[in-house]
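1. Sequence first, predicted model second:
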There are 2 protein chains.
Amino acid sequence: MNENQPNTRTPDAGRRSERSRRAIYDAALALVSELGYARTTIEGIAARAGVGKQTIYRWWPSKAAVLLDAFLDLGEQATETAPVIPDTGDLAADLKLVLRATVDELTNPAFEAPTRALTAEGVVDPALCALYVERLLNPSLQLYVDRLRSAEAAGELRPGIDHRVAVELFVGPLTHRWMLRTLPLTHEYADTLVDYALGGLSPRA
Amino acid sequence: MNENQPNTRTPDAGRRSERSRRAIYDAALALVSELGYARTTIEGIAARAGVGKQTIYRWWPSKAAVLLDAFLDLGEQATETAPVIPDTGDLAADLKLVLRATVDELTNPAFEAPTRALTAEGVVDPALCALYVERLLNPSLQLYVDRLRSAEAAGELRPGIDHRVAVELFVGPLTHRWMLRTLPLTHEYADTLVDYALGGLSPRA
């Protein structure tokens, strides 16, 4: 280590920071699940995490920023165990794999409660929603767009399809069913969406 | 008139009741748009409508019940001016017509603010959501199911398609784009959804 560096980044301090950050994320996700977005406060998160609220204000400018980072972190943990979209050369199989994993994530209680709380707030709060879309949703949708582009190159997609709109045929219905709890969100449903969207509802010649 | 009937249903009393009911609906929709669901109260609705809160409690058991009736009424007003799903024998044209009308409704400020407030609450409140789905959403989705059934009989739909799932290919993406404000909600988008869902994303032979 360079002895001119300040001592706050010794391994011990780094571990303490990492522990605090983790405690803050856990507290933020627990509180927003229990209380909803509006009643979750920086003070409440600090108290539950066992840190001073200045620690939170030093790292994040707002409640929305802490919560979005906590969500990003939750998503990254999921990505370590869940597949990104593979490219096996079979578009239908690859989409079914990732949509089934999305079903599992959306119905996992650890994800569902905080995701519902953030989504509900985003429906009525355009600024929070824009942050959510930019930081969480769009990077995830881009993975689908990339996979569809590769499918088009392989002749598995009709030429001229707008990939960004096409992605919505898969994630739109899944999100609709989850948000409004209309009918069960199952692997079979995910598979059917892929078959219908790729094959089309009209009769094939 | 039967002289044994109580006098509360004379024409004048009926008109007064109708005026009160209309004032209560207007107040409920205005308040939920301005304050959100949680901060809208029966007392607030009564004050804004210029009626006693006992008038509201006499007609509705809860805040959720008043708000859902106000929404139903708003929907019925819209239905008088907007088309139900026609059956001209051209499924694509008929779906485009109704989805374009839905785009117009969702982007109409008179509908958008209260619909967002109710939807946001439904995302985190399963009981309210179930009422919303049963009373508002399912009857509307059934119109699509009926139209798809007639299309199947006319040979315009692949046999064996689950109509209820197929409907979600149209309304799911539309709702997703509206709720999350990802990209502009336009007539062109509605048309593209119909073309993609009916024609399919895979190449046609």
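-> All right, it came through fine. Numbers count the residues shown, from 1 in each chain, chains lettered A, B, ... in the order given.

2. What is the distance between stretch A:111-127 and the centre of its chain?
-> 12 Å (C-alpha atoms, centre = their mean, to the nearest Å).

3. Rank the helices and strands of chain A by mean pLDDT and give me the bottom one.
-> Ranking every helix and strand in chain A by mean pLDDT, DSSP states H and E puts helix A:63-81 at the bottom, with a mean of 81.

4. what comes into contact with it?
-> Here helix A:63-81 makes contact (C-beta atoms under 8 Å, 6 or more residues apart in numbering or on different chains) with A:24-25, A:28-29, A:32, A:37, A:40-42, A:45, A:56, A:59-60, A:105, A:110-111, A:114-115, A:118, A:127-128, A:131-132, A:135-136, A:140. Where you see a C-beta, it was placed from the backbone N, CA and C, and this is true even at glycine.

5. give me that answer again for 7 Å
-> Contact partners of helix A:63-81, identified using C-beta atoms under 7 Å, 6 or more residues apart in numbering or on different chains, comprise A:24-25, A:28-29, A:32, A:40-42, A:45, A:56, A:60, A:105, A:111, A:114, A:118, A:128, A:131-132, A:135-136.

6. cool, stretch A:182-200 as well?
-> With contact meaning C-beta under 7 Å, 6+ apart, stretch A:182-200 is reached by A:91-92, A:95-96, A:99-100, A:103, A:106-107, A:169-170, A:173-174, A:177-178, B:133, B:137, B:162, B:165-166, B:169, B:197-202.

7. Can you flag the buried ones in the residues you listed?
-> When the contacts of stretch A:182-200 are checked for burial by 16 or more other C-beta atoms under 10 Å in any protein chain shown, the buried set is A:91-92, A:95-96, A:99-100, A:103, A:106, A:169-170, A:173-174, A:177-178, B:133, B:137, B:165-166, B:169, B:197-202.

8. Could you list which of those belong to helices?
-> A:91-92, A:95-96, A:99-100, A:103, A:106, A:169-170, A:173-174, A:177-178, B:165-166, B:169, B:197-199 (DSSP state H).

9. In ChimeraX, how would I select just the buried ones from the contacts of helix A:63-81?
-> Buried residues within the contacts of helix A:63-81, by 16+ other C-beta under 10 Å, are selected in ChimeraX with:
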select /A:24,25,28,29,32,40,42,45,56,60,105,111,114,118,128,131,132,136
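
10. For the least confident helix or strand of chain A, output the C-alpha coordinates as PDB.
-> C-alpha atoms of helix A:63-81 as PDB (Å, rounded to 0.1, in the frame of the first residue of the first chain):
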ATOM      1  CA  LYS A  63     -34.100   8.000  -0.400                       C
ATOM      2  CA  ALA A  64     -34.900   7.200  -4.100                       C
ATOM      3  CA  ALA A  65     -31.100   6.800  -4.800                       C
ATOM      4  CA  VAL A  66     -30.600   4.400  -1.800                       C
ATOM      5  CA  LEU A  67     -33.600   2.300  -2.800                       C
ATOM      6  CA  LEU A  68     -32.600   2.100  -6.500                       C
ATOM      7  CA  ASP A  69     -29.100   1.100  -5.500                       C
ATOM      8  CA  ALA A  70     -30.500  -1.600  -3.200                       C
ATOM      9  CA  PHE A  71     -32.700  -2.800  -6.100                       C
ATOM     10  CA  LEU A  72     -29.800  -2.800  -8.500                       C
ATOM     11  CA  ASP A  73     -27.800  -4.800  -6.000                       C
ATOM     12  CA  LEU A  74     -30.700  -7.300  -5.500                       C
ATOM     13  CA  GLY A  75     -30.800  -7.600  -9.300                       C
ATOM     14  CA  GLU A  76     -27.100  -8.300  -9.500                       C
ATOM     15  CA  GLN A  77     -27.300 -11.000  -6.900                       C
ATOM     16  CA  ALA A  78     -30.000 -12.600  -8.900                       C
ATOM     17  CA  THR A  79     -28.000 -12.300 -12.100                       C
ATOM     18  CA  GLU A  80     -25.200 -14.300 -10.500                       C
ATOM     19  CA  THR A  81     -27.500 -17.200 -10.000                       C
END
